[in-house]
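A.B. asks: Sequence first, then the predicted structure, then my questions.
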Amino acid sequence: MIPDKLKTRLTKDRKMTSVTLRIPQDVIDSLKAIAPLKGMSGYQALLKAYVSEGLRHDEAAHVFGPAARLAEALRKRGVPAKLIEQAARDVA
């Protein structure tokens, strides 16, 4: 089952926000060189793909992964959130 948060990421009409990042020129040059090799229209599309990939990885581990599901199950059974957070820090 796909969580609702992830389902919204699949829609094309999501609200967009502009951000400004300071990135070294050599990194931009590398992104520009790699983007067409990956079939992308430009370096910004590649940069967004990299951010999305990293975000999906971290969300799988921290938000939707087994530890997060266990924490939610414990919350539902009355275990205090503070205790769950402390235990999560102990194993991190």
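C.D. replies: Structure received.
A.B. asks: so what's L6 scoring on pLDDT?
C.D. replies: L6 is assigned a pLDDT of 67 by the prediction.
A.B. asks: tell me which residues in the lengthiest helix in the chain are buried?
C.D. replies: Ranked by residue count and defined by DSSP state H, the top helix of the chain is helix 43-62. The neighbour-count check on helix 43-62 (16 or more other CB atoms under 10 Å) flags 43, 46-47, 59 as buried. For every residue, glycine as well, the C-beta is placed using N, CA and C.
A.B. asks: list the helices and strands that helix packs on?
C.D. replies: Judged by 3 or more CB pairs under 8 Å, 6 or more residues apart in numbering; DSSP states H and E, helix 43-62 is in contact with helix 25-37.
A.B. asks: for the helix it packs on, packing partners?
C.D. replies: Using 3+ CB pairs under 8 Å, 6+ apart, helix 25-37 is in contact with helix 43-62.
A.B. asks: any idea of the pLDDT on Y50?
C.D. replies: 96.
A.B. asks: contacts for the helix or strand following the longest helix of the chain?
C.D. replies: Downstream of helix 43-62, the first helix or strand assigned by DSSP states H and E is helix 66-76. For helix 66-76, contacts defined as CB atoms under 8 Å, 6 or more residues apart in numbering pick out 61-62, 81, 84, 88, 91.
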